[in-house]
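> sequence first, predicted coordinates after that:
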Amino acid sequence: MTLVNARRRRSSRDALIRWVFFAGMLVIALLVLLPILIILFTAFKPVAEVNAFPPSLVPSQWTLDNFTRIFTELPFARLIVNSFVFAGGVTLCALVFDSLAAYVLARVDFKGNRVLLLIIVASLMIPFQATLIPIYQLVADFGWINTFWGLIIPRAADAFGIFFLRQFFLSLPRDLDNAARIDGASEVRIFRSIVLPNAIPALITLGIYTFVNNWNDLLWPLVFTTEQEMGTITSGLTLLTGPSGIIPYGVMMAGSLIAVVPLAIMFLLVQRRFIESVASTGLK
Amino acid sequence: MTSTTLRDRRTYRPAPQLGGRGPLRGQAKRRLTILGFLLPALTILGLFVFWPMLSALRLSFTDASGFGLEQYVGFENYLNVFTDPQIVRAMGNTVLYSVMFTPVAVGVALALATALNSPKLPFRGVLRTWLFLPFIVSLAVAAFAWQYLLDPQVGLLNYWLQGFGIRLGNVLQDPVLAMPTVVLVAVWKNFSFYMIVFLAGLQDVPASLYEAASMDGAGPWSRFKNVTLPLISNTTGFVLIIATIAALQAFDQIYVLTSGGPYQSTQTVVMQIYQSGFQDLELGFASALSYILLIATLILSLIQFFFTGRGEKQAS
């Protein structure tokens, strides 16, 4: 009898610990969420409430004024399109070119295969910030400043993507493509109808990683676009801040919310894969 | 991971012969196919990664300014980098930023990952999703949100802190507090990424080890110190290095919040490269500074390369 009581007491103490633990984590999670909540709520606040003291989190009156204003302060519709074309374009090109190169490096033996791989892996160590000036000169020589070419082409292939996909292609069984080769299928055919369909999870992973990074990048669009109409959402919004930044917070937050929403939707749709992709790309 | 794959012998499997009627014709066709697959990626990498690396090195020994002729100036730019007090300040600030950012971001990430990995925590999946959300917010947008939260007049966080008797004032105009503030924004944005990498590492630690440790009477702290930490040392080393590399490249939130001010107190190397290279058009000088960033990153990457390589050898 006493043993049962002791056990019961112990399990209720365990339950208490669990819930205290949970409450602590909940507080931390709410604090982490605070900047996101402030963007979400402030975007819908009327100007008077945004600048009211004492400040509040949730608007007492909801309005869309901030959204109307961001579209007059900036060519915002254009910036949204630019962000999609830039991030989407880089992602699409990089997936095609990276997978082609990765296929050869993983599946075809030729002289210089390993040297080539070593060179590509070594280039992972070069931060683009350090080579930005010559890249700019080159893009300017091509006449690509303020064009999508300039934004996309220099990133149309990327060493990390090649390396990442090569690792994945190595893990696929070779029996199928060997059989296809014996049947006389061409490399292009094997790549397109055997290897690629099996690599879809890896392609999605790399695609998410590339899209998010480019969508959120600031320095790149800042350097390669000088006209407001060619900027991205991220670079466009920064025009509204700084010393001359007299733009109300509400308008900034409306713009920020629009910047976050596409990635948030993507995140909610493929949540599991999204987190997994970050974990696996993190292993670079 | 990098090093294992380079040692990977699977690449050496004998290649199956490709189709084609005669051996010569097959060879030529095969070469052409390989070239066709590699060409687009290699052209892009060659033009926009390797050539710029050499070009930046050449530029760093010239007085290039974007106009007129470039003249070879020897080590003058490098000499200037190390003697100009403003640049020395920017390099010092970058080191200071890294020293604040890396331990805090990695520490927070490890603590939260350990908590999320505990089977005792209810609703782990939901909490993991919540804590991951900062990852999808760009540093620039995160900077806007924090600017409003910390606004001296109408900032909600500032107001709450005043309730606890803490008066921060205008942190972004404060030469002492501006740096911790831009670090805070980066920690908030980046910890979730490191946390997810840690979680992946923690999930590889066998649960039986924890059970055994518990049976031996080890408490939570002792289990963490004696079981978790040694077993995830590879992951920790990796995260520490990528966090430091990220710190060396600090730019976005500083550009948005302080532009390097007040009084140069948040001026970093990449801010300086941007200003010298793209605003003052001192291309040669900015290239010399770029090369110092490149070499610092290279050293860190090599440490990581050998660190993880050695760890994996031990593990296998």
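In hand now; what should we look at?
> domains in chain A, as residue ranges please.
If you go by automatic domain parsing, the domain ranges for chain A are A:2-66, A:74-239.
> mean neighbour count, the ones you listed: which tops it?
domain A:74-239 (a mean of 19; mean count of other C-beta atoms under 10 Å in any protein chain shown). All C-beta atoms are positioned from the backbone trio N, CA, C, and that covers glycine.
> weakest of the domains of chain A in terms of mean pLDDT?
Among these, domain A:2-66 carries the lowest mean pLDDT, a mean of 86.
> one step back: same list (the domains of chain A) but as JSON lines, adding distance to B:S301.
Formatted as JSON lines, these follow (distance: least, C-beta to C-beta, whole Å):
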{"stretch": "domain A:2-66", "distance to B:S301": "30"}
{"stretch": "domain A:74-239", "distance to B:S301": "4"}
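> closest to B:E211 out of these?
Judged by C-beta to C-beta, the one of the domains of chain A that comes nearest to B:E211 is domain A:2-66, at 15.7 Å.
> the closest one near chain B at all?
Yes - Domain A:2-66 is in contact with chain B by C-beta under 8 Å from any C-beta of the partner chain, via A:14, A:17-19, A:21-22, A:25-26, A:28-29, A:32-36, A:38-39, A:42, A:50-57.
> doesn't B:A90 make contact with B:V81?
No - contact criterion C-beta atoms under 8 Å: B:V81 and B:A90 do not qualify, at 9.5 Å.
> could you look up the SS state of the residue most central in space within chain A?
In chain A, the residue lying closest to the centroid (C-alpha atoms, centre = their mean) is A:V212, at 1.1 Å. At A:V212 the chain is in helix, as set by DSSP: H, G, I helix; E, B strand; the rest coil.
> where does it sit relative to chain B, distance-wise?
A:V212 sits 7 Å away from chain B, going by C-beta to the nearest C-beta, to the nearest Å.
> sorry, back to before: next step: the residues of domain A:2-66 next to chain B restricted to strands.
Judged by DSSP state E, the residues of domain A:2-66 next to chain B include no members of strands.
> now the most centrally placed residue in chain B, what's its secondary structure?
Most central in chain B under C-alpha atoms, centre = their mean is B:A246, positioned 2.3 Å from the mean C-alpha point. Taking three-state DSSP as the rule, one finds B:A246 in the helix state.
> number of residues surrounding the residue lying closest to it once chain neighbours are set aside?
In space, B:A246 comes closest to B:N190 once its chain neighbours are excluded; the distance is 6.5 Å by C-beta to C-beta, 6 or more residues apart in numbering or on different chains. Using other C-beta atoms under 10 Å in any protein chain shown, B:N190 has 23 other residues around it.
> hmm, B:N190 is touching B:I245, no?
No - between B:N190 and B:I245 there is no contact under C-beta under 8 Å: 11.5 Å.
> could you chop chain B up by domain?
Taken from automatic domain parsing, chain B resolves into B:17-59, B:76-315.
> highest average neighbour count across those domains?
Buried most deeply of these, by mean count of other C-beta under 10 Å, is domain B:76-315, with a mean of 19.
> surely A:W215 touches A:L263?
Yes - under the criterion of C-beta under 8 Å, A:W215 makes contact with A:L263 at 6.4 Å.
> would you agree B:M195 is in contact with B:L116?
Yes - in this structure, B:M195 is within contact of B:L116 by C-beta under 8 Å, at 7.5 Å.
> need the overlap of contacts for the two.
B:L131 (C-beta atoms under 8 Å, 6 or more residues apart in numbering or on different chains).
> tell me the helix or strand right after the helix or strand containing A:L165.
According to DSSP states H and E, A:L165 maps onto helix A:159-171. The element immediately downstream of helix A:159-171 (helix or strand, assigned by DSSP H and E) is helix A:175-182.
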